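Asker: need the 3D shape of this:
(4 chains)
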There are 2 protein chains.
Amino acid sequence: MCSEQRPAALGWQAIRDEGLRRIRAREWAPGALIPHEAELAAEFGCARTTVNRALRALAEAGFLERRRKGGTRVVLTPLRKATLQIPIIRQEVEESGASYGYRLISRNLGPAPDALLQRLALRPGTELLHVRALHLRDGQPHVYEDRWLNPSAVPEILEVDLELISANEWLVQNVPYTDGELTLSAVSATPEVAALMGCTPGAALFTMERLTWKAGAPVTLVTQSYAPGYRVSTSI
Amino acid sequence: MCSEQRPAALGWQAIRDEGLRRIRAREWAPGALIPHEAELAAEFGCARTTVNRALRALAEAGFLERRRKGGTRVVLTPLRKATLQIPIIRQEVEESGASYGYRLISRNLGPAPDALLQRLALRPGTELLHVRALHLRDGQPHVYEDRWLNPSAVPEILEVDLELISANEWLVQNVPYTDGELTLSAVSATPEVAALMGCTPGAALFTMERLTWKAGAPVTLVTQSYAPGYRVSTSI
DNA sequence: CAGTGGTCTAGACCACGGT
DNA sequence: CCGTGGTCTAGACCACTGT
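Answerer: I've put the predicted structure just below:
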């Protein structure tokens, strides 16, 4: 009946899945090169673009490593990746139906510790703005925040009334684009933090540290410690 | 000189950046619809495919929400996403130049607590394999692991000698594909765990809990608590 | 039903980076 | 140099879903 029958069109997801199967089955061995895009396109009977899309997805998921001219290799150590959403604390609190509050504890402009400046790649003696604050949830301490800001990267921050808006929100709304680094850890509450948070000294606090850069200059280093019992979930 | 001059070709990244700028500048207001792909393609003088690529990137990054027929909206709550790599403990240890060791603490097959079974959506009375183990780094306790396995999902696990290979590695190598859920928290070391880990009771332990599913059936629920001081970093 | 995003194609050019 | 992946194009058809 039909003379010019095309092979059933494979979607890029099908090709991705088949690639994943081959990786898992060791048909594509760890560390080994896999066929070129063109070759796979011929095998699967689709356009190279489609293969590209599939292999790109596998690379983003951490299964493959791709280099121009170098070809595509199966990653030796298949680290799984999880994407976790970094909440804006106010929104996270309000969306859970609780009321949000913010309390500034201290705000100081002055020379920062040398160890910190070294980490930020700043000259010794540079002045930073040091801000400590508490995020409240239904009036109870929810997150303790310790933040260093670099006025030479964001001079406007010195004019902001940090009693009214948290540095976090001001930055999100006013600093164009930042790349940075996120570090997660568990920290024991110091006596001082325990007093502020209303928890027992030594309690285990889930802690996120964010270091952000704007055009090569450090903008802020913030450490946020959540009240005991906080959990963050994501699907993998 | 040149008669048919094309406008300078914009890469999809440039369009993505311009889109991000408009979102940040509120030119595309939170919650509002943005122009169709075709419209933007006309504006930027490129193919719709290119616009699609850019908007898809912004959607994956969490700034936009897209629906067929519904159009593309700016997300109301711009949660930033971070992807973190879930290490295979053995590899993480060995790559840092340390030696890796694994010690099985206990292995019991029997009825599981009802609360746990409820969480796994299993019938009360179901038997699970309960495995506790220690991952060692240079002979020192590094991670305490408490794991529940569902033999009805992976019956082969009952035949595996868990003294020789950690359940984690066996699963990675033998269970085809799993989706699941990852939960991060900070936990205080119980006296028993502290004794096993060689740390002080109450110490803050960074803890990852993973619940994985295979075709609708729960495979394993594992809680891994890292020795004090552990940090996990990622770029954002 | 109709509008919007999702995807595929065939071809082309380019950028990177091993050899 | 030259092979490989990265990307763009113009057009097409499809899938989902709001009206």
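
Asker: neighbours around residue A:64, how many?
Answerer: Residue A:64 has 21 neighbouring residues, counting by other Cβ atoms under 10 Å in any protein chain shown. For the C-beta atoms, the positions are set from N, CA and C on the backbone; glycine is no exception.

Asker: and what of residue A:112?
Answerer: By the criterion of other Cβ under 10 Å, residue A:112 has 22 neighbours.

Asker: do the same with residue A:131
Answerer: Here the number of neighbours of residue A:131 (other Cβ under 10 Å) works out to 22.

Asker: now swap in residue A:166 and tell me
Answerer: Applying other Cβ under 10 Å, we find 23 other residues in the vicinity of residue A:166.

Asker: I figured it hits residue A:90, correct?
Answerer: Yes. With contact defined as Cβ atoms under 8 Å, residue A:166 and residue A:90 form a contacting pair (7.3 Å).

Asker: any shared contact partners between the two?
Answerer: Shared between the contact lists of residue A:166 and residue A:90 (criterion: Cβ atoms under 8 Å, 6 or more residues apart in numbering or on different chains) are residues A:102, A:135.

Asker: where does the nearest residue to residue A:132 once chain neighbours are set aside land on pLDDT?
Answerer: Ranked by Cβ to Cβ, 6 or more residues apart in numbering or on different chains and with sequence neighbours excluded, the top spatial neighbour of residue A:132 is residue A:105, at 4.2 Å. We note a pLDDT of 95 for residue A:105 in this prediction.

Asker: also residue A:179?
Answerer: 75.

Asker: run a quick neighbour tally on the residue nearest to it when sequence neighbours are not counted.
Answerer: Counting by Cβ to Cβ, 6+ apart, residue A:179 lies nearest to residue A:213, which is 5.7 Å off, once chain neighbours are set aside. Burial measure for residue A:213: 17 neighbouring residues, criterion other Cβ under 10 Å.

Asker: contact partners for the residue nearest to residue A:132?
Answerer: If a contact means Cβ under 8 Å, 6+ apart, then residue A:105 has A:132-134, A:196 as its contacts.

Asker: let's see 7 Å
Answerer: The contact partners of residue A:105, by Cβ atoms under 7 Å, 6 or more residues apart in numbering or on different chains, come to A:132-134.

Asker: which one of these is nearest residue A:146?
Answerer: Within these, the smallest distance to residue A:146 is 5.3 Å, found for residue A:132 (Cβ to Cβ).

Asker: thought the closest one was touching residue A:106?
Answerer: Yes. The pair residue A:132 / residue A:106 is scored as a contact, 4.8 Å apart, by Cβ atoms under 7 Å.

Asker: between the two, which has more neighbouring residues?
Answerer: The residue with the greater number of neighbours, taking residue A:132 and residue A:106 and applying other Cβ under 10 Å, is residue A:132; the counts read 18 against 9.

Asker: which of the helices or strands spans the residue of chain A found nearest DNA strand D?
Answerer: Using Cβ to the nearest atom of the strand, the point where chain A gets nearest to DNA strand D is residue A:69, with a distance of 2.5 Å. Residue A:69 belongs to no helix or strand when assigned by DSSP states H and E.

Asker: what does it show for phi and psi?
Answerer: Dihedral angles of residue A:69 (phi, psi; degrees, to the nearest 10) stand at phi 70, psi -30.

Asker: next, the contact list for the residue nearest the centre of chain A, please.
Answerer: Residue closest to the average C-alpha location in chain A (Cα atoms, centre = their mean): residue A:182, at 5.5 Å. Residues counted as contacts of residue A:182 (Cβ under 7 Å, 6+ apart) are A:208, A:210, B:82, B:233-234, B:236.

Asker: part of a helix, is it?
Answerer: No. Assessed by DSSP: H, G, I helix; E, B strand; the rest coil, residue A:182 does not belong to a helix; its assignment is strand.

Asker: how close does it sit to DNA strand C?
Answerer: Taking Cβ to the nearest atom of the strand, to the nearest Å as the measure, residue A:182 falls 25 Å from DNA strand C.

Asker: that residue bridge partners, please.
Answerer: residue A:210, residue B:234 (DSSP bridges).

Asker: where exactly do the strands run in chain A?
Answerer: Secondary structure of chain A, counting by DSSP state E: strands at A:33-34, A:64-67, A:71-74, A:80-86, A:100-111, A:127-137, A:140-149, A:179-188, A:204-214, A:217-226, A:231-235.

Asker: end to end, how far does stretch A:116-128 reach?
Answerer: One end of stretch A:116-128 sits 10 Å from the other (Cα to Cα, to the nearest Å).

Asker: what residues does it touch?
Answerer: Counting by Cβ under 7 Å, 6+ apart, stretch A:116-128 makes contact with A:109-112, A:114, A:148-151, A:218, A:221, all of which sit outside it.

Asker: cool, and stretch A:133-145?
Answerer: A:89, A:93, A:98-105, A:132, A:166, A:193, A:196-198, A:222, A:224-227.

Asker: kindly report the residues of chain A close to DNA strand C.
Answerer: For chain A, the residues in contact with DNA strand C under the definition Cβ under 7 Å from any atom of the strand are A:9-13, A:45-50, A:53, A:67-70.
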